[in-house]
Structure formats: structure tokens, C-alpha cells
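Engineer: Sequence first, predicted model second:
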Amino acid sequence: MTHSAAELADYLEAKLTGDSTALVSGIANPEDAGPEDLIYAEKRQGTRAQQSRALCVLSTAEVPGKTTLAVANPKLAFAKAAAWLSPEERPAAAIHPTAVVAPSAKVAKTATLGAYVVVQDDAVIGDGTVIDPFCFVGNATHIGSKCRLHPHVTVYAGAKLGNGVEVHSGSVIGGDGFGYVFGEGKQWKFPQCGTVAIEDDVEIGCNTAIDRGSLGETRIGRGAKIDNLVQVAHNVQIGEHSIVVSQTGISGSTRLGKRVVVAGQAGFGDHATVEDDAIIGGQAGILPGKVIRAGQVVWGTPARPLQKFKEQHAWFGRLPELARRVKALEDRADK
Amino acid sequence: MTHSAAELADYLEAKLTGDSTALVSGIANPEDAGPEDLIYAEKRQGTRAQQSRALCVLSTAEVPGKTTLAVANPKLAFAKAAAWLSPEERPAAAIHPTAVVAPSAKVAKTATLGAYVVVQDDAVIGDGTVIDPFCFVGNATHIGSKCRLHPHVTVYAGAKLGNGVEVHSGSVIGGDGFGYVFGEGKQWKFPQCGTVAIEDDVEIGCNTAIDRGSLGETRIGRGAKIDNLVQVAHNVQIGEHSIVVSQTGISGSTRLGKRVVVAGQAGFGDHATVEDDAIIGGQAGILPGKVIRAGQVVWGTPARPLQKFKEQHAWFGRLPELARRVKALEDRADK
Amino acid sequence: MTHSAAELADYLEAKLTGDSTALVSGIANPEDAGPEDLIYAEKRQGTRAQQSRALCVLSTAEVPGKTTLAVANPKLAFAKAAAWLSPEERPAAAIHPTAVVAPSAKVAKTATLGAYVVVQDDAVIGDGTVIDPFCFVGNATHIGSKCRLHPHVTVYAGAKLGNGVEVHSGSVIGGDGFGYVFGEGKQWKFPQCGTVAIEDDVEIGCNTAIDRGSLGETRIGRGAKIDNLVQVAHNVQIGEHSIVVSQTGISGSTRLGKRVVVAGQAGFGDHATVEDDAIIGGQAGILPGKVIRAGQVVWGTPARPLQKFKEQHAWFGRLPELARRVKALEDRADK
């Protein structure tokens, strides 16, 4: 869709300087942009913006020679503008003739099922939801409206997805949790008959696994975003608008609060608690049962407050020097 | 299935006190239980159990007001009771009309093939095995009896699965191992033409990858349990009843003994050896060629005995203090 | 294919001693080899080779009692010989009747599409390429010639694969990158409308995820090899002939040079740079923005030169002793 700079400024509540009739029809990097592409510039990126062919720039302050839409947070405004300029393309509502849909399933008339989709007994699929090829939607699952399941998503029986949920290829929702009790010479499987609930507007990346609860429920809170190859174990609770980066693993019954940010490859033991707005560094390891307080930033294994980790780690780097100094003191004392 | 407390006590060899005619028809958490749900209580969980609506409790000692089934290990008894009360539901034996089965494949009459299953030449599928939609069963694979392959499992040509094997969605059995030799300006692929054998009663989680041997064999021993997103490289051997938690990676030719427990995100270099009953901590890193002795508990990267790691790590946390003490000694010596 | 030792020596430019008419028809481990299997022996593996039933041995020096093909790098010669003796078997060119191919897609006549393959609008598939069952090939993708996509590969719209690319089961090429901007109480998705390019002769393992660029491009260079369960984020660049071992995660916009080797479970922050021929140790963590110089070998989190890490880590192991020595100095000073 093409809009004028004035319309865009209006939508973003931005302060416009320059040519209010300049047209914007897409988004791009400054380096790749054509005249009608919107770009954005963070502080100190003014030169990149100036050298771009783009006519319109989102920035905190006026960029010389450009039509500037000044906002407090250019990256946020850019994300909003992108969604406005390029609404997601969705295939027309239709059920592909190869889809295998159980007679007892309830599929909304405005939903789309791609080639080779399997929908099993009593599943419910809401308005405007798009299910891409090779998705498996198990018995008695509920999938809300305006969801998108990309190719090769598996939803085990009984899982519940809210509205506006997007799941990328290869992810598995509702697999059995991993729990065994050793006895009489073998591993007995602990029952894995709980449920999994994915709330509205959650996005889940590729090849991620989110297990059902063992007896209770696994729950991903509204607006949370989960990256590729993440492991979410049975009975985990992730709070609203939290972010979990790739290859993180969260063990059973651990709870993350709201707006928590977890960097890549972090690992959580079971029954840990992370309070609201905490930040967990990459590769950090949170011990079982540990509590991370609201707003804390932690790093390392076992994880500790970032400042403490940095101070300790600086001395780790100076250990050979420290050891030499101890040796020197010993030599002096021995004299 | 509904049983009386007396029948259940008999099956579990538990000591019954209270109402032997109380009925049990399911399992639950104490908080979610109805009267006919069986619950279990570990030590110090007596209050949770007492407050439950459940009539019957598995516990080590009598719970006041409840029909108690006293056993040495309530969690183990609960797992056994769950399997007894709620046997897994399996679809009726049938081959879905959309399944593509090679004429030379041998599929048992009591097996079930779901929609869009592909079974290639000379594959063998045993009695009572259930293959869910979108599974790929390659040439000359052998899958035993009473196995379950959940949707989207891939079994590469030549892989062998024993009886009672369960594989969850997205896992890949028998992919090529990862081995290259650099020469003449490029990576030459080392041949990956070995085999993979999964023994009886193994369970494999979601999105896990188990590679075939390069020349020899990859083998997962009887009763071993492997979680989601685990990497098992070429020629790895995992012993009977071992447990490998999510996101662990095991490099080529490494051998794990029997009843080994590996916590999440651990990493093993190639040609390492872990003897029986050893325990590997979360995120631990085992160096190539390393030997972990029977029954040892190790942690850290490079992994070392847990007690040693804890002692060393406590001093890591006190490094800034130690450095100050060295500085103080230097100041005194300089006076 | 069966060849004489003389023919093989000729192909490998090896120095032959022994029976030049000995036949070679396969490859094997020394322990499993039959008379016609070629084996190889590294230094100090002469005994293994001598005890083998194989008649012909690749080695650096003559192995007594065997027909020896002497070469500088026996493992490399073995890999070359394997490819020569056992060329990959490919199914005959055909489009399975269950494949769903958009009319606007261009599929070469010599390509093979297996059962239940979906090829969407304007996709291009080149000569001799084999697409196995359940692969999804999205809109406007380009897949070159002589590629192999194993079962259950997903290629999102717009992705480009060169010639000779092999992708193993469960991998996803071109998923959305992971980027959000928090504002107005929710996470706004940063646009993920870039592209992904996989150059010639790249091999990608099982269940790996390679995201498209957010605005620009993600690129995997010619001949690079990527293992199972690897995460490659938006806008990452991986140089030619680099090796990335299993479960490694590479964050957005990070660049790896040529012939870089990354061991398993390593993690890279965003916007890091790894120059040519560097080696990254297993589980190492590279901080955002960090530069690893050409040829450097690094380990640890945060990663540092291997020798430095080893020296520091040796003192970590001796920390309890160092602390005791400081205490002894304090006691002496207090006297």
C-alpha cells in the first residue's frame, strides 16, 4: 500500500519536516532502499540515512535533505509502519482437497487449510486461521481465530491456542513431558496427561518443542515470543510479553514472570522462578528452585547478578597474575 | 478403568488403611483431584494430600482422613498405577487410504498407518505398531511391534527399531553423521553409510536427531529415555535405562554406560566414555576422550567431580575478596 | 562398483605396493571389513589394519601383508575413494502422483519429487534435484540442480538454494528472524521480509533452522557444512567451507569468515565477526560485537584465546589451594 508522508506521520504521531506529499510504499535498509522505501535511523546513524536513496526517514531528529518523521523511538515506529504498510498476505479461505478433516472437527468457514493438512476428531479451528501444508492438528485441540500455523507444525491432542497465535515450521506443541521414576530395574514413565495453553498473540519459532503438563498445565502467556529450537518442559509458565531467545531450555514447573527477557542458550533447572522484567544472559544457567528477583539482570552458571559476575570474572582473567603475586609474597616471607 | 482401593493395593503391593472399597478411576495432582482420582504424597507433602478431594493417597505413611496405600516409593507406585488405570489409547488397526506403502514393505495386519504415511521398499513394521500421520519410514527399515511413531517422525533407510519404541514428533532417526576432511580447498564428506539401532522400550522426545554410524553403528540401549532436541552423533552408544535430558549433545563415538543420567544442555566431545550410573550435571562439558568413572557425579566445563567443582566455584565467587586480601598482604609487606 | 587396486591408486595418486590386481568394491572399518573393502589407517593404527580381513589399505606407509596405497592423508583419500566407489543412489526422475505442484512452478524434467511434496507458485527446481516426501517448497523459491532435500524439509517463500545443496530432514530454511521492539505494553514484530541464500555444495543437517534476513540477507557460503539442530539467525553470513557443529547458535548479523570451524553448542552474540580460519571451541560464548581474529583458537565464555583460557582455567582448578596459601601468608603476617 502506498501512503503519503503526511498520512504516515499521522498514523505514527510523528513530527513531519520536509515534503509531506512524498510517497512511501515499503520498508528497507538504508543501503537497499529505493525512493519510496521508508527507512529508520537510530542515533549516530544519520550518515547512513543521508546517503540512502530513500526520501523518508524515521528518526529522533531531522535528517538533512530528507523528509523526516521525528519520533521518540524510531525502531518501534518502523516496526509499526511496516505492519501498516505491508499487512501479512494470507491465502484465500479454502480447504485444500487433500486435507483430511475429521467429520467431528469444527473448522470456521473463513479458515484456510493447505494441502495435506490433517485435522482430527473434535478439533476446533477459528475464523481467519491459516493452517499450512503438513500441519497435524490432533484430537480435541482448540485453535483460535487469526492464527497461522506454518508448514509442518504438530499440535498434539488437547492443546489450546488462543487468537493471533503464529507457530513456525517444525515446532511441536503438546508433546509428552519428560519424567521417569527408576524402579525394579527400569524407568517407569511418570504420567504425562496434562494440557498446554498458548495465549493470544504468542509467536513461536521453528523447531521449538513445548510439552504438555504432566498432570497440570503448561502455559505461554499472552504476547510472549519464543524463538527457534527452544525447549519448554512440562508445567512451565511463561508470563505475558516475555521473550525467549533460541536454544534456551526451561525445565519442568519453572515460572517466568511478565516481560522477562531470556537470551540464547540459557538453561533453567526445574521449579525455578523468574520474576517480572528480569533479564537472563546468554548461556546462563539457573539452578533448580532458584528465584531471580524482579528486574534483576543475571549471567553465568550458576547465574548471579551481572555486576557481581563481571567483577568475579575479571579476576578469573587475572588469576595467573594473582597466583604470581601470591608466589612473590611467599618468596618474600621465606627470606 | 475403575478399581477398588483394595485391588489397587494388591496390584501395587501396598499396605492399605482406610476404606478398601473406595473407587479409583484416574490420577491427578492433589489440587485438581476429584474423589476417584488417585494422588501421591512425598514426605512433607501430607498437608497437600489431606486438603485434596481425593479419597485415596499413595504415601509412605498413613495420611489422616484418607484411604492410604502405603509404599516405599509413592512416586514410583503412582507411575505404575497410572499405567494400570489409564492404558494408552491406540487407534484401531488400519491403513489409511492415503498411506503410500511400497509393495515390498511388510506391514503387520495389526499395525496402524495414519493419513499420509510413507513406507518405502522392504520396510518391516511389526504387530500393533502405530505410525501417525506424515511419518516417513525409509527403505529396509525394521520397526518392531507395539511401537508408536508420533506425527512427522523421519526414519532414514536401514534404521532398526526394536519393540515398544516410542518416538515423538519431529525426531529424525538415522540422518547422516557429520564428518568432513578438508583437502584440495574443500570439505570432503567422510562416508556416512553405517546403521542405527534403537533397542526395545526406548522413548525419544520431539525434534531430536539420532545419526546413523559413519561406518559402524549408533546404538541406543534398551529402556533408555531421550528428551526433546537432543543430538546423538554417529557411532554413539547409549547404555540401557540411561536418561538424556533436553538439548544435550553427544559427539561421535562417545559411549554412555547403563543407567547414566545426563541433565539438560550437557555437551560431550567425541570418543568420551561415561561408565555406568554416572550423573552429568546440566550444561556440563565433557572433553573428547575423557573417561567419567562409574557412579561419579560431575559438573562444569571441563567437567570434574561435583564436590571439587563446588569448592572451586565457591572460591570463584570470592575472587574479589581474595584479590583484596592479596593486595592487603602486599601493602603490609611493603611497609 | 568394483575396481582394481591399481585403478584406485591411479585415481587417488597413491603409491601402490603389493597386489595391484586386488579388487576393491566397498569401504569399511578394519574390524568389519571383508576382503574387497577398502580400509584406511592413520599413524599408529597399523595393527588394526594388519588384523583386518581387508586386502587393501590406505596408509602413509606400507602395511605388512596388505596391498598398500600410500598417501599423505589417508583419511582424505578414504573419503575421496568412498565417493568414487559408492556414488549416491538417487531415485529415477519422476514426479509422484501425490505431489502438489503449482502450475506456475518450473520443475526440471530430470528432477524427482517424492510422495506428498508441495511446490508452490513460481518455485524453480533444477536438473537432477531430488525432493523427498513431505518437503515444502514455498512461493518463488529457487532450488538449483543436483540438490537433495530429505523428507520433511521446509523452504519458506523466496529462499534461494544453489547447486549441489543437501538438506537433511526436519530443517527449515527461511523462517522469520526473531526481532521485536517493546512499546505501548506489547512486543511489536520487527519486519522479517529479507531473504536467505544457500550457496553451492552446502550441506545442512537435521532439524536445523536458518532464518531469512530481517531486511537484508542471510547467506551460507559455498561448501559450508552445518550440522544438526543449529540455529542461524537473520542476516548471518557464513563463509565458504566453514564447519558449524551441532547445537551451535549464531545470533543476528554475525559474520563468520572462510574455513572457520565452530565446535558444538557454541553461542554467538549478534554482530560478532569471526575472521577466516578461526576455531571456536565447544560451548564457547562469543559476546555481541566481538571480533575473533583470523586463525585464532578461542574457548570459554566470554571466549578468549585458548592458551589464555587454559592458563586461567588451570588456576581456577587450583583456587582452593591458592586460597589456603593466602590464608597461610595472613597467619604468618599476623604472628
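Structural biologist: Alright, I've got the coordinates.

Engineer: switch to C-alpha atoms for all contacts and neighbour counts from now on
Structural biologist: Will do.

Engineer: For chain A, which segments are assigned as helices?
Structural biologist: Secondary structure of chain A (DSSP state H): helices at A:5-12, A:46-50, A:74-85, A:306-317, A:319-334.

Engineer: Of these, flag the one that's most buried.
Structural biologist: Greatest average neighbour count among those goes to helix A:74-85 (a mean of 21), per mean count of other CA atoms under 10 Å in any protein chain shown.

Engineer: tell me what it is packed against?
Structural biologist: helix A:5-12, strand A:26-27, strand A:37-40, strand A:56-59, strand C:180-183, strand C:186-189 (3 or more CA pairs under 8 Å, 6 or more residues apart in numbering or on different chains; DSSP states H and E).

Engineer: Would you point out which residue of chain A is nearest chain C?
Structural biologist: When scored by CA to the nearest CA, chain A has A:Ala79 as its residue closest to chain C, at 4.8 Å.

Engineer: Out of the helices and strands packed on helix A:74-85, which is closest to chain B?
Structural biologist: strand C:180-183 (24.9 Å).

Engineer: Just the buried residues of that closest one, please?
Structural biologist: For strand C:180-183, the buried set under the neighbour-count rule, 16 or more other CA atoms under 10 Å in any protein chain shown, comprises C:Tyr180, C:Val181.

Engineer: what's the helix or strand bottoming out on mean pLDDT in chain A in contact with?
Structural biologist: Using mean pLDDT, DSSP states H and E, the weakest-scoring helix or strand in chain A turns out to be helix A:46-50, at a mean of 89. Contact with helix A:46-50 is made by A:Pro30, A:Glu31, A:Ile39, A:Tyr40, A:Ala41, A:Val57, A:Val63, A:Pro64, A:Gly65, A:Lys66, as judged by CA atoms under 8 Å, 6 or more residues apart in numbering or on different chains.

Engineer: Show me which pair in the residues you listed is furthest apart.
Structural biologist: Among the contacts of helix A:46-50, the pair separated by the greatest distance (CA to CA) is A:Glu31 and A:Pro64, at 17.1 Å.

Engineer: Close to chain B: what parts of the stretch 1-150 of chain A are there?
Structural biologist: Contact residues (CA under 8 Å from any CA of the partner chain) of the stretch 1-150 of chain A with chain B: A:Val100, A:Tyr116, A:Val118, A:Phe134, A:Phe136.

Engineer: let's go with 10 Å and repeat that
Structural biologist: A:Thr98, A:Ala99, A:Val100, A:Tyr116, A:Val117, A:Val118, A:Phe134, A:Cys135, A:Phe136, A:Val137, A:Gly138 (CA under 10 Å from any CA of the partner chain).

Engineer: Counting neighbours, which of the residues you listed comes out on top?
Structural biologist: A:Phe134 (33 neighbours; other CA atoms under 10 Å in any protein chain shown).

Engineer: correct me, but it touches A:His96?
Structural biologist: No. Counting by CA atoms under 10 Å, A:Phe134 stays clear of A:His96, with 11.5 Å between them.

Engineer: thinking again about what came up before, any idea which of the helices of chain A scores lowest on pLDDT?
Structural biologist: With a mean of 89, helix A:46-50 has the lowest mean pLDDT of the helices of chain A.

Engineer: Stretch A:260-275: end-to-end distance?
Structural biologist: The first and final residues of stretch A:260-275 sit 8 Å from each other (CA to CA, to the nearest Å).

Engineer: and it, does that touch chain B?
Structural biologist: Yes. Using CA under 10 Å from any CA, stretch A:260-275 comes into contact with chain B via A:Gln265, A:Ala266, A:Gly267, A:Phe268, A:Gly269.

Engineer: So for that stretch, mean pLDDT?
Structural biologist: pLDDT averaged over stretch A:260-275 gives 98.

Engineer: so, in contact with chain C or not, it?
Structural biologist: Yes. Using CA under 10 Å from any CA, stretch A:260-275 reaches chain C at A:Ala263, A:Gly264, A:Gln265.

Engineer: picking up where we left off before, write the ChimeraX selection for whichever of the contacts of helix A:46-50 are buried.
Structural biologist: The ChimeraX selection below is limited to those of the contacts of helix A:46-50 classed as buried (16+ other CA under 10 Å):
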select /A:30,39,40,41,57,63,66
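
Engineer: Now flag whichever of the contacts of helix A:46-50 is closest to C:Ala328.
Structural biologist: Closest approach to C:Ala328 among the contacts of helix A:46-50 (CA to CA): A:Ala41, at 59.1 Å.

Engineer: which residue packs closest to that closest one, ignoring adjacent ones?
Structural biologist: In space, A:Ala41 comes closest to A:Ser59 once its chain neighbours are excluded; the distance is 5.1 Å by CA to CA, 6 or more residues apart in numbering or on different chains.

Engineer: Can you spell out which residues form a bridge with that neighbour?
Structural biologist: A:Ala70 (DSSP bridges).

Engineer: what's the neighbour count on it?
Structural biologist: 27.

Engineer: sorry, back to before: which one (most neighbours) among the residues of stretch A:260-275 next to chain C?
Structural biologist: So for the residues of stretch A:260-275 next to chain C (other CA under 10 Å), the most neighbours sit at A:Gln265, 31 neighbours.

Engineer: returning to what we had before: report the set of residues contacting both of A:Phe134 and A:His96.
Structural biologist: A:Leu113, A:Gly114, A:Ala115, A:Tyr116, A:Val117 (CA atoms under 10 Å, 6 or more residues apart in numbering or on different chains).
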